[in-house]
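S.K.: the amino acid sequence is not available; the structure is as follows:
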């Protein structure tokens, strides 16, 4: 008869509050779990998560609406559960005597005393492949102790001998109409609200929304308000400098707003580290400015709304193809700060074709506006909540920070990074310039004027031109910033070191 598995816990006082690491040893009945102070622990499961379901039953391994991560032991098997989105992931390192699993890449590498190649130039491109979906992304990261497996939107199962990837349970639900889908979203958020506030938790969570003049965050805020959301953060302006504050919309919804200056993150020491250490891009670093409001929250965002709620037809159902990797760079930072990240558009995303069919259905024709930036599901939810038609979603904007195109690192970070790079490459600018760099720079300079005059009604053309311009402007230094940030983030898991 198989030997039941047990969990043995060690709280690590200096670790980030939501970080955890599980050490699974072949043929050993115990899984050793090291964890931060805010991880919920019980004899049969642990988590830094909330899910659509009863808290005490702890069936988060059987749910496809999970925010955060954890593990559930059932008999002789342990299931490590990932978030039901691609803005978080699990990390696993197979060793000769077992496997280690963590919700933090920096934690796993620091604990295993390993690292990545400091002069490999394609980390950004590798992490970016998650945009291409669950069957096409690059699933591993090479380290000095072997490849670390990166697991998005799937779970990992340990049977006492090996660690294997398993799919999340596929819920049976019908999404044939707008009201069926809207009801599903509302019920899921209400279930999360009950779970995260359960009195049996040591540290309950509360909702915090995000809101701008766009569709997605405002839609998540309206749905969240029905489940108890009362506060939201809003960023003052978008990447191009245009006003993007959602204060007026929040006021109409009765939400208290906390205004965040988009560049407030630059006032902190080494603010970019956890963001870049997550995905080699760090575009969500502007949320560092909201740090005072984030601890103990479930942050409702609209990441992937441009995919889930778009009217454009889906080609591959359930594969979660995205236009970008926005939201992913929060995956390490949230562990440090102590919040869960809930991107609402990912709810039910494996039924993307059904959701898309709703957007394109005759019942939604009234809300199919404006041309070129239409998201009928969002518009209907927002207008039926009392928001004015011309008050949101009229123009595409984004608060994300492109570090390779917006001043790069803060002065203190840049000084340390260039010193670090000089020690490894013999040049503070990194290895020799590649011939393709000059070509992209010329193309970017030629295309920049076109970016300013291309009509808004040609969004795909604008996106392509913007991509070429961005490639041309990308800092040569940007290519090697991930291994520096990751090495610095690893210090957060070592006693007595300043991260």
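M.R.: Nice, thanks for sending it over. Only a predicted model underlies this, so the values are computations on that prediction, with no experimental measurement involved.

S.K.: only C-alpha atoms for contact and neighbour calcs from this point on.
M.R.: Noted.

S.K.: now for the residue positioned nearest the centre of the chain: which residues touch it?
M.R.: For the chain, the residue nearest the mean C-alpha position is residue 87 (2.4 Å; CA atoms, centre = their mean). Shown in contact with residue 87 (CA atoms under 8 Å, 6 or more residues apart in numbering): 325-331.

S.K.: could I get the residues you listed as JSON lines with neighbour count?
M.R.: Converted to JSON lines, the contacts of residue 87 look like this (neighbours: other CA atoms under 10 Å):
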{"residue": "325", "neighbour count": "21"}
{"residue": "326", "neighbour count": "20"}
{"residue": "327", "neighbour count": "25"}
{"residue": "328", "neighbour count": "27"}
{"residue": "329", "neighbour count": "24"}
{"residue": "330", "neighbour count": "26"}
{"residue": "331", "neighbour count": "24"}
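
S.K.: about what we covered before: pLDDT at the residue nearest to the centre of the chain, what is it?
M.R.: On the pLDDT scale, residue 87 is placed at 98.

S.K.: before we move on, back to that, now, among the contacts of residue 87, which is nearest to residue 203?
M.R.: Checking the contacts of residue 87 against residue 203 by CA to CA gives residue 331 as the nearest, at 19.9 Å.

S.K.: where's the closest one relative to residue 268, distance?
M.R.: Counting by CA to CA, to the nearest Å, the gap from residue 331 to residue 268 is 19 Å.

S.K.: and residue 451, what pLDDT?
M.R.: For residue 451, pLDDT reads 68.

S.K.: residue 445 too?
M.R.: 64.

S.K.: residue 368 now?
M.R.: Model confidence at residue 368 (pLDDT) stands at 96.

S.K.: helices or strands up against the helix or strand where residue 299 lies?
M.R.: Assigned by DSSP states H and E, residue 299 belongs to strand 297-301. On a contact count with 3 or more CA pairs under 8 Å, 6 or more residues apart in numbering; DSSP states H and E, strand 297-301 meets strand 206-210, helix 216-225, strand 340-343.

S.K.: how many residues are close by residue 364?
M.R.: Neighbour count for residue 364, taken as other CA atoms under 10 Å: 17.

S.K.: isn't it up against residue 377?
M.R.: Yes: Residue 364 lies in contact with residue 377 (CA atoms under 8 Å); the separation is 7.4 Å.

S.K.: joint contacts of those two?
M.R.: residue 358.

S.K.: measure residue 377 to residue 349 for me?
M.R.: 14 Å.

S.K.: residue 155 should be in a strand, yeah?
M.R.: Yes: under DSSP: H, G, I helix; E, B strand; the rest coil, residue 155 falls within a strand.

S.K.: what stretches of the stretch 151-300 of the chain score poorly on pLDDT?
M.R.: Judged against pLDDT under 70, the stretch 151-300 of the chain has no low-scoring part.

S.K.: over to the stretch 351-499 of the chain?
M.R.: For the stretch 351-499 of the chain (pLDDT under 70), the answer is 433-442, 444-445, 448, 451, 456-460, 463, 465-475, 496-499.

S.K.: all the helices of the stretch 51-200 of the chain, residue numbers only.
M.R.: 105-112, 123-128, 178-196 (DSSP state H, counting those that start in this stretch).

S.K.: please read the previous query as pertaining to the stretch 251-400 of the chain.
M.R.: 273-279, 305-308, 330-337, 352-359, 376-384.

S.K.: quick one, longest strand in this protein?
M.R.: strand 66-74 (DSSP state E).

S.K.: just want the angle from it to strand 297-301.
M.R.: Angle of strand 66-74 versus strand 297-301, following axes from the mean of the first three to the mean of the last three CA atoms, to 10 degrees, is 120 degrees.

S.K.: list the buried ones in strand 66-74?
M.R.: 66-73 (16 or more other CA atoms under 10 Å).

S.K.: pull the most distant pair out of the residues you listed.
M.R.: Farthest pair in the buried residues of strand 66-74, by CA to CA: 67 and 73, 18.6 Å.

S.K.: nearest to residue 24, of the helices and strands packed on strand 297-301?
M.R.: Nearest of the helices and strands packed on strand 297-301 (CA to CA): strand 340-343, 25.3 Å.

S.K.: what strands line up against the closest one, and which way round?
M.R.: strand 297-301 (parallel) (DSSP bridges).

S.K.: touching the strand it pairs with from outside, list them.
M.R.: Against strand 297-301 from outside (CA under 8 Å, 6+ apart): 205-210, 216-217, 220-221, 224, 338-344.

S.K.: repeat that with 6 Å
M.R.: Outside of strand 297-301, the residues within contact range by CA atoms under 6 Å, 6 or more residues apart in numbering are 205-210, 217, 339-343.

S.K.: same question, stretch 3-14
M.R.: Residues contacting stretch 3-14 (CA under 6 Å, 6+ apart): 29-36, 75-76.

S.K.: in helices, which of those appear?
M.R.: Per DSSP state H, helices hold no members of the contacts of stretch 3-14.

S.K.: gap between residue 185 and residue 61?
M.R.: 20 Å.

S.K.: neighbour-wise, which of these two wins?
M.R.: More crowded of residue 185 and residue 61, by other CA under 10 Å: residue 61, with 22 against 19.

S.K.: which residue packs closest to that one, ignoring adjacent ones?
M.R.: residue 81 (6.0 Å; CA to CA, 6 or more residues apart in numbering).

S.K.: what sits against the one you found?
M.R.: 61, 69-71, 155.

S.K.: at 8 Å what do you get?
M.R.: So residue 81 contacts 60-61, 69-72, 154-156 (CA under 8 Å, 6+ apart).

S.K.: sorry, back to before: turn the helices of the stretch 51-200 of the chain into JSON lines, columns for distance to residue 479.
M.R.: Converted to JSON lines, those look like this (distance: least, CA to CA, whole Å):
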{"stretch": "helix 105-112", "distance to residue 479": "19"}
{"stretch": "helix 123-128", "distance to residue 479": "7"}
{"stretch": "helix 178-196", "distance to residue 479": "39"}
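
S.K.: tell me which of the ones you listed is the most buried.
M.R.: helix 105-112 (a mean of 22; mean count of other CA atoms under 10 Å).

S.K.: helices or strands up against that one?
M.R.: strand 20-25, strand 90-95, strand 98-102, helix 481-490.
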